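> just coords:
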Ligand SMILES: [Cu+2]
């Protein structure tokens, strides 16, 4: 009985080597929910321009931390096929270490992208107030634009590339180097395929519901992708309407 | 209920009507869903002009497609959801091709009726597996490797002009090893994390171009494709060869036969619910889900009893057969791998292995030697990121230790090499991945006197000249089961 349960668990682990990553992402969602329920209003998931009144270090660290938490919650589940590919190609003794290095390489790209985004936050604010003065919803515009980008050829090309890696070397620092490279390449691919979504959310000032809707849409698009589905585009358009409804209510 | 029969066991007008229907379908416009050209393009379409479909020939994808009626097709048709849909390197390989065959058979049957033929035309199958059928004599076995005479050899059979294809490089499969259906039939699971242990292929999303091959897909499916070569060797032209359909009918039969052994398909909902688009015999678009094609009887057909069928298996199983198939949940440790990619020549190419230091090995192949009472530890040889272009003849993989004679591990068919190596909307361009079960080969090596794992060498050898084809192997590795 016990052994069969253990076997079952070990099978699930073999079949889903990314389970720890998924668990981590799930915990982040629990954290978000807890925040939402616990201290409504005070703890926003929100970033730069909401943090004006805090001390200098919170101005920098807080938004970066928030950004990375959001990246992990939304983007880590997308890496599962890559993680499966890595685990199948690396010695068992190196697996945990390799996954860590992979995540580090992957995070690095998102971090750099986040920093670029923050450096443009002043610009976003100006744009936002201009658009609002013109009695238009900046959020709706952002999602509309994201929707248009969603079906671009380069995105579809990158989507089909998910989980395809160049097999690493297996001994010494060279193995780590190859894994870091896989992380960076995957990060770049992921930023290219999802940046428009993240930017739209950043501009719209994401709420948790929209974030959840997008995560589900992204995950579905990735795992069930067919060259016909306009799922992500339609989701973005839907969110644009949502933003309009909020704006004009 | 239609019964799909072994092409070598039929003497009625099936092939004659097939030949006529092919000719009639070729007359039709490439934009007509019931034309020969459109049906071929549903599988794949490409206009590469490199003459790499067969060594010494000028055939290219372009030269094949240029023969189509009303070529070139409009751009939006090429990019539509109906063209270039074949599923390779994926657990959708079997169900997609079943759907494809089903509609093709209906279209041919309708054409046959229109030509004044019988109402019940049924697609036959080409059972090359018979080349390894112990119930047959040597002559009969070799006969199974040949294309049926109606398809021509060197030149068309004048009674069956529709079954001829100029761009066909070979008229028989070059080796029994390219048609060994038994190994796949022994597997227990449709899908596992380990490709070589997966009968139906590994879990993927929509996968038009080749990626990681499951067992049945590599051998015999891919090997037959590249061994016949020419148009058959390239997914973008393969379905234009009339033999393609008989080859795939046999693959579809093997799936049914595997189920009849008491095996089960995966019950994963994303597999069951995946939908694909086709056109029916009236040219009307249809959408079919995987779960709708799991029973051939519901679809209106069965297969005649043939090797390797249930009866043969039961006989074989009753003899003592050392190899117990894996459950599919084994953990494998990667214990040796090459460190640089290398290109393949027409002759033997050695793979320079780097060995994982013994203290880091969780699985110790060297220690696996003696325990003969139990199932031997499984060893896998994996080829990763195989890129290149053109049709490459079946690739043999050998292992050896320095002095002794080399042992054949298995053969690899690089079907879809060009497509898998080109970054596109349909593929990452990271090439083909394929695994071979090397357990038996390693058992043989271990019995040699100077055996030690660190002395193992791997060799790759194409069974024919490469010609214009190019192959680069990203990595070769050895994986051993952790026990
Ligand atoms: Cu095929």
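The structure has been received and is ready for your questions. Please read these numbers as outputs of a predicted model, since none were measured by experiment. Numbering: from 1, shown residues only, chains lettered A, B, ... in the order given.
> what's the burial count for residue 148?
Defaulting to chain A. By the other CB atoms under 10 Å in any protein chain shown criterion, the neighbourhood of residue A:148 contains 13 residues. Backbone N, C-alpha and C define where each C-beta goes, glycine included.
> hm, I was asking about chain B
Neighbouring residues of residue B:148 were enumerated by other CB under 10 Å; the total is 21.
> what's the pLDDT at the residue nearest to it when sequence neighbours are not counted?
In this structure, residue B:148 finds its nearest non-sequential neighbour in residue B:7, 5.0 Å apart by CB to CB, 6 or more residues apart in numbering or on different chains. Model confidence at residue B:7, expressed as pLDDT, equals 95.
> contact partners for residue B:7?
By CB atoms under 8 Å, 6 or more residues apart in numbering or on different chains, the contact set of residue B:7 is B:14, B:15, B:124, B:125, B:126, B:127, B:148, B:246.
> now do 7 Å
Contacts of residue B:7 were listed using CB atoms under 7 Å, 6 or more residues apart in numbering or on different chains, and they are B:124, B:125, B:126, B:148, B:246.
> ok, now residue B:135?
The contact partners of residue B:135, taken as CB under 7 Å, 6+ apart, are residue B:307.
> checking it next. Helix, strand or coil?
coil (DSSP: H, G, I helix; E, B strand; the rest coil).
> ok, longest helix in chain A?
Scanning chain A for the helix with the most residues, using DSSP state H, yields helix A:172-204.
> so what does the helix or strand just after that helix touch, helix or strand wise?
Tracing the chain C-terminally past helix A:172-204 and defining elements by DSSP states H and E, one meets helix A:208-223 next. Packing contacts for helix A:208-223, counted by 3 or more CB pairs under 7 Å, 6 or more residues apart in numbering or on different chains; DSSP states H and E, involve helix A:172-204, helix A:231-248.
> 10 Å instead, please
Counting by 3 or more CB pairs under 10 Å, 6 or more residues apart in numbering or on different chains; DSSP states H and E, the packing neighbours recorded for helix A:208-223 are helix A:19-38, helix A:56-75, helix A:80-87, helix A:138-150, helix A:153-160, helix A:172-204, helix A:231-248.
> what ranges of the chain fall below the confidence cut-off?
No chain was given, so I picked chain A. Judged against pLDDT under 70, the low-scoring parts of chain A cover residues A:1-18, A:38-60, A:134-136, A:153-154, A:156-163, A:206, A:222-229, A:249.
> should've been chain B
Low-confidence segments of chain B, defined by pLDDT under 70, span residues B:208-210, B:310-329, B:364-376, B:425-427.
> for chain A, give me its nearest residue in it.
Among residues of chain B, the one nearest chain A by CB to the nearest CB turns out to be residue B:428. It sits 3.3 Å away.
> not counting sequence-adjacent ones, nearest residue to residue B:56?
Leaving aside its sequence neighbours, residue B:56 sits nearest to residue B:467 (CB to CB, 6+ apart; 6.2 Å).
> now, the most widely separated pair of the contacts of residue B:7?
Among those, the pair separated by the greatest distance (CB to CB) is B:125 and B:148, at 10.8 Å.
> that older thread, hang on, the residue of chain B closest to chain A packs against residue B:204?
No: checked against CB atoms under 10 Å, the pair residue B:428 and residue B:204 is beyond contact range at 11.7 Å.
> follow-up on the earlier one: which stretch among the helices and strands packed on helix A:208-223 comes nearest residue B:263?
In terms of CB to CB, the element of these nearest to residue B:263 is helix A:80-87, at 23.8 Å.
> the closest one vs chain B: in contact?
Yes: contact of helix A:80-87 with chain B (CB under 10 Å from any CB of the partner chain) involves A:81, A:84, A:85, A:87.
> how far away is the last one from residue A:118?
Here residue A:87 is placed at a distance of 34 Å from residue A:118 (CB to CB, to the nearest Å).
> same check on the first one?
Taking CB to CB as the criterion, residue A:81 is separated from residue A:118 by 30 Å.
> ok but residue B:472 is inside a strand, no?
Yes: residue state for residue B:472 (three-state DSSP) corresponds to a strand.
> enumerate every residue touching it.
With contacts defined as CB atoms under 10 Å, 6 or more residues apart in numbering or on different chains, residue B:472 is in contact with B:341, B:342, B:343, B:344, B:385, B:386, B:387, B:388, B:389, B:421, B:431.
> can you flag the buried ones in the residues you listed?
Neighbour counting with 16 or more other CB atoms under 10 Å in any protein chain shown marks B:341, B:342, B:344, B:385, B:386, B:387, B:388, B:389, B:421, B:431 as buried within the contacts of residue B:472.
> can you check my assumption that residue B:103 lies in a helix?
Yes: assessed with three-state DSSP, residue B:103 lies in a helix.
> quick one: distance of stretch B:472-480 to the chain centre.
Relative to the centre of its chain, stretch B:472-480 is centred 20 Å away, using CA atoms, centre = their mean, to the nearest Å.
> sorry, that was for stretch B:347-359
That offset, for stretch B:347-359, works out to 28 Å (CA atoms, centre = their mean).
> circling back to that earlier point, and the furthest pair within the buried ones among the contacts of residue B:472?
Taking CB to CB, the two most distant members of the buried ones among the contacts of residue B:472 are B:342 and B:389; they sit 16.4 Å apart.
> how near is residue A:172 to residue B:66?
Distance, residue A:172 to residue B:66, using CB to CB: 52 Å.
> if you could redo that for residue B:468, that was the one I meant.
For residue B:468, the distance to residue B:66 - CB to CB - is 18 Å.
> who has more neighbours, those two?
For residue B:468 against residue B:66, the residue with the higher neighbour count under other CB under 10 Å is residue B:468, and the figures read 18 against 12.
> now the most centrally placed residue in chain B. Nearest residue, chain neighbours left out?
Relative to the mean C-alpha position of chain B, the nearest C-alpha, by CA atoms, centre = their mean, is the one of residue B:221, at 2.1 Å. Closest residue in space to residue B:221, ignoring its immediate chain neighbours: residue B:251 at 5.4 Å, by CB to CB, 6+ apart.
> got a list of what that neighbour touches?
By CB under 10 Å, 6+ apart, the contact list for residue B:251 reads B:93-94, B:97-98, B:101, B:125-126, B:181, B:184, B:216-217, B:220-221, B:224.
> can you tell me the SS state at it?
Classification of residue B:251 by three-state DSSP places it in helix.
> residue B:434 now?
Remark: residue B:434 carries the secondary structure label strand [criterion: three-state DSSP].
> mind checking how far it is from residue B:412?
Separation of residue B:434 from residue B:412 (CB to CB) stands at 5 Å.
> show me whatever sits in contact with both of the two.
Residues touching both residue B:434 and residue B:412 (CB under 10 Å, 6+ apart) are B:213, B:218, B:219, B:222, B:381, B:383, B:386, B:395, B:397.
> which of these fall within helices?
The members of those all map outside helices under DSSP H.
> ok, so of those, who is nearest residue B:119?
Relative to residue B:119, the closest of the shared contacts of residue B:434 and residue B:412 is residue B:222; by CB to CB it sits at 35.5 Å.
> still on that earlier bit, common neighbours of residue B:125 and residue B:148, please.
Going by CB under 10 Å, 6+ apart, residues that sit against residue B:125 and also against residue B:148 are B:6, B:7, B:8, B:246.
> how about those residues in TSV, adding distance to residue B:335?
TSV is the format used below for the shared contacts of residue B:125 and residue B:148 (distance: CB to CB, whole Å):
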residue	distance to residue B:335
B:6	43
B:7	45
B:8	45
B:246	42
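> neighbour-wise, which of those leads?
Counting neighbours by other CB under 10 Å, the one among the shared contacts of residue B:125 and residue B:148 with the most is residue B:246, which has 24 neighbours.
> which residue of chain B lies farthest from its centroid?
Computed with CA atoms, centre = their mean, the most peripheral residue in chain B is residue B:359, at 38.7 Å.
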